[in-house]
Structures are given as C-alpha cells and as structure tokens.
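Engineer: what follows is a predicted protein model with its sequence.
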There are 2 protein chains.
Amino acid sequence: MKETSALGSALFAVAMLGIIVSLTALASEHVDQEAAPIFVKEIPPGYRDWKVVAVSRLTAGNGAQLRAMLGNDIAIKAYREGKLPFPDGAIIAALHWNEVSSEDNNKVLAEGFPGAGIKSFVPGSGVNMQFMVKDSKKYAATGGWGFGDFTNGKPGDEKLMKTCFACHQPAKDRDFVFTHYVP
Amino acid sequence: MKETSALGSALFAVAMLGIIVSLTALASEHVDQEAAPIFVKEIPPGYRDWKVVAVSRLTAGNGAQLRAMLGNDIAIKAYREGKLPFPDGAIIAALHWNEVSSEDNNKVLAEGFPGAGIKSFVPGSGVNMQFMVKDSKKYAATGGWGFGDFTNGKPGDEKLMKTCFACHQPAKDRDFVFTHYVP
C-alpha cells in the first residue's frame, strides 16, 4: 500500500498544482477584468510640436469647436503604415478650441472675393485637451490606452474619465481610435 | 574767373552726382515696383511633417472647408517668439479640405451623449494647398514672400497667383500673414 499511497500523494500533488494554477489564472483574469482603470493625469510633454493626424469640427446647438488631432512620432508612423494595434509609446492628442468668427478675415474676404459671401472661423479660447497614451500593460484595463482629459491644465475627475473607454468601444476594430489620418 | 569756374565745375559735378544717384534710385525703385512677381511652382518638401500654426474653417454658401496651417521650424520659431518680419527660410503651409459630415462619429456621439445633438465634421477630399515662402531677395516684388497654390499637385496659373499678394495687403503689419498662432 506504500507505493499506492506514494502514487496517490503524487497525483494529489499534481492535481493540487493544477487546481492552484487554474485558480491563479482565474484570479488573475478576474483581476484584469475588474482592475480599476488608470487615467492619464499629466499632460504629455512636447505635444504641441507633434504632427497633424487630422482636423475636425464639432457642433452642438449654437456652439462649435475646431479641433486638431496630433500624434507623436510613434503614433504618426503607425498611422502612416496603417499598423494596428498602435504600438506601446504611441500618443494621440486632441486639442479643442471654441470656434469663433474672424471679423478681420471676413473683411478681407469680402474685399478680395466680393459677393462670394465667404466667412472665416478660427480657434477662440481653448476648451480642453485630450490624450490617448498606449501602454498595453499599464492600461490593460482600458484596451491598452490610458485616457487623459485636461481643462485649464487640470485632469478630469474619475466620473468623467470612466466614460472614455466605454465611448471608444465602437472604434474597437481601429484599436479604439476614432480619428482617421488625413493625407 | 578761373576759381569761380573751378567752383562752378565742382558744384556741377556734385549736382550731377546727386542727379545720377537720384535717377539710379528712382530707376531701381521703378524696377522693384514693376518686377514680375515670382511664384512658388514646387511644393516645399516635408510640409506634412510641420508643426501646427492654427486650424480654421471657411464657409461659402452651402460649402465649407476645414483647414490646417502648418509652419516649418523657422516659421514656428518666429511665430512663437512674436518676431516680425518672418526671417528668410520661413515657410507657412495651408492645407484645405472639403468639410464633410462624419456619420460614423455622429452615431457614436448620439449614443454617448444622447439628446445633446452633437454633430461631427471631418476633412473630406483635398481642395488645394497654399504656401508662403520667405526669401526677401528672391520675392522682393511681393513683400519678400513667394506665394504658391497647388490643386491636385499642379501650381495655379499666373492670373490666380497675381491675386495673392494684393489680397494679403491688409495683413501688412503682420508681414502679410493672416493666420495667428494658436497656443
């Protein structure tokens, strides 16, 4: 019975090991799914020198925003090569300004192109700046992207920040990035 | 009478010299004013990598354009330091796209911000690209700026190009540059 007992112990040990490994894996998966998302709390340095991904405009009621989306070198390279997902280190910035009418430009346009009714709109005050920072480990809970939102240099609160990843879900097949690169 | 004559000759010589100098100056000024303006016929290389000066929007009738103004390093440095006139070597690019509605973005915005009526507009097809190239000698006839306009990569004709400098006159106190740098 001694050998049987030894075999039994060995099997028991292997079984236990298996159970422990499985439980660890489950626990780990559970942790990943439940991990509190980490947000970007500091404005990435140098963003104002980055290259243009695209420009855009947003309207709501009577208000409008002019927007510039910029990418650091890693992001721009991935965009231009059409590589998805974006590699770690990629950062995309979205700068949002209130759109205002330019009376100076309108005067010139009225004189230069009389009767054409051309109107010019330019950036007014800044609204906010948003960033997506790719780090597949650090930001695993939110698709590998850390989201940041800054108004007057101050990061958005948890309530606001928790909406970012959920809202970006429809762009899942583009690695959660809405903005297309404009040649 | 000899001395008087000598003085007379000297005065005559001085007077003649003055007239010659004046005539030369007048002739030179005349040449400057009448010099055929030189236009930029080749797209400056690397412009798509330049930094953002500003973004803007132009409307006429039902159409609209989204625009990005970029500057090479010399131009951006001058903008940021508030230096006028722009130094030789500065180049400013203006990329113009037709503004189109983004149905993809609108769908996401309607779901993410129900009832807010937010609409998104993005760049569609390219309209044209314009450049201002600073070279105070080469482009002396047009304020030191060479003007370029490219549609589908082809430079604009003389008739179009002759309107550039005239139209930029109202911005003379900003070295003929309309676009303000947006922080």
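Structural biologist: Sure, I can see it. Numbering: from 1, shown residues only, chains lettered A, B, ... in the order given.
Engineer: going by C-alpha atoms from here, please, whenever you check contacts or count neighbours.
Structural biologist: OK.
Engineer: look up phi and psi at residue A:41.
Structural biologist: For residue A:41, the backbone dihedrals (degrees, to the nearest 10) come out as phi -110, psi -10.
Engineer: tell me the contacts of it?
Structural biologist: Neighbouring residues of residue A:41 by C-alpha atoms under 8 Å, 6 or more residues apart in numbering or on different chains: A:148, A:155.
Engineer: for residue A:127, give me its contacts.
Structural biologist: Taking C-alpha under 8 Å, 6+ apart, we find residue A:127 in contact with A:96-98, A:151-152.
Engineer: got a list of what the residue nearest the centre of chain A touches?
Structural biologist: Nearest to the centroid of the C-alpha atoms of chain A, with distances taken as C-alpha atoms, centre = their mean, sits residue A:132, at 2.9 Å. The contact partners of residue A:132, taken as C-alpha under 8 Å, 6+ apart, are A:91-93, A:145-148.
Engineer: what do you get if the cut-off is 10 Å, keeping everything else the same?
Structural biologist: Taking C-alpha atoms under 10 Å, 6 or more residues apart in numbering or on different chains as the definition of contact, the neighbours of residue A:132 are A:39-40, A:44, A:71, A:90-94, A:144-149, A:164, A:176-177.
Engineer: which among those are in contact with chain B?
Structural biologist: Checked against chain B using C-alpha under 10 Å from any C-alpha of the partner chain, the contacts of residue A:132 give the following subset in range: residue A:164.
Engineer: now go through the contacts of residue A:132 and say which are in helices.
Structural biologist: When the contacts of residue A:132 are checked against helices (DSSP state H), the matches are residue A:164.
Engineer: list only those of the contacts of residue A:132 flagged as buried.
Structural biologist: If you count burial by 16 or more other C-alpha atoms under 10 Å in any protein chain shown, the buried members of these come out as A:39-40, A:44, A:71, A:90-94, A:144-149, A:164, A:176-177.
Engineer: buried stuff in whichever strand in chain A runs longest?
Structural biologist: Using DSSP state E to assign secondary structure, the strand with the most residues in chain A is strand A:119-134. Along strand A:119-134, the positions that meet the burial threshold by neighbour count (16+ other C-alpha under 10 Å) are A:119-124, A:126-134.
Engineer: buried set for stretch A:49-58?
Structural biologist: Under the neighbour-count criterion of 16+ other C-alpha under 10 Å, stretch A:49-58 has A:49-58 buried.
Engineer: do stretch A:107-116 as well
Structural biologist: By 16+ other C-alpha under 10 Å, the buried positions in stretch A:107-116 come out as A:108-109, A:112.
Engineer: out of those, which touch chain B?
Structural biologist: On the criterion C-alpha under 10 Å from any C-alpha, A:108-109, A:112 are the entries of the buried residues of stretch A:107-116 that sit beside chain B.
Engineer: among the residues you listed, find me the one that's closest to chain B.
Structural biologist: For these, the minimum distance to chain B (C-alpha to the nearest C-alpha) is 5.9 Å, reached by residue A:112.
Engineer: ok, now how distant is the closest one from residue B:142?
Structural biologist: 17 Å (C-alpha to C-alpha, to the nearest Å).
Engineer: what does residue A:67 give?
Structural biologist: Spatial separation of residue A:67 from residue B:142 under the definition C-alpha to C-alpha is 32 Å.
Engineer: going through the contacts of residue A:127, which ones are buried?
Structural biologist: Members of the contacts of residue A:127 classed as buried by 16+ other C-alpha under 10 Å are A:96-98.
Engineer: restrict the residues you listed to those near chain B?
Structural biologist: Of the entries in the buried ones among the contacts of residue A:127, those that also sit close to chain B under the rule C-alpha under 10 Å from any C-alpha are residue A:97.
Engineer: list the contacts of residue A:76.
Structural biologist: Listed by C-alpha under 10 Å, 6+ apart, the contact partners of residue A:76 are A:50-53, A:70, A:82, A:86, A:90-92, A:181, B:49.
Engineer: quick check: the farthest pair among those residues?
Structural biologist: Taking C-alpha to C-alpha, the two most distant members of those are A:86 and B:49; they sit 19.3 Å apart.
Engineer: where does the prediction get shaky in chain A?
Structural biologist: When residues are selected by pLDDT under 70, those of chain A lie in A:1-34.
Engineer: show me where it has strands.
Structural biologist: Per DSSP E, chain A carries strands over the ranges A:51-60, A:63-71, A:91-101, A:119-134, A:145-151, A:154-155.
Engineer: between these, which gets nearest to residue B:138?
Structural biologist: Shortest separation from residue B:138 across the strands of chain A is recorded for strand A:51-60, at 29.5 Å, computed as C-alpha to C-alpha.
Engineer: now the angle from the closest one to strand B:63-71?
Structural biologist: Note on geometry: by axes from the mean of the first three to the mean of the last three C-alpha atoms, to 10 degrees, strand A:51-60 and strand B:63-71 are set 140 degrees apart in direction.
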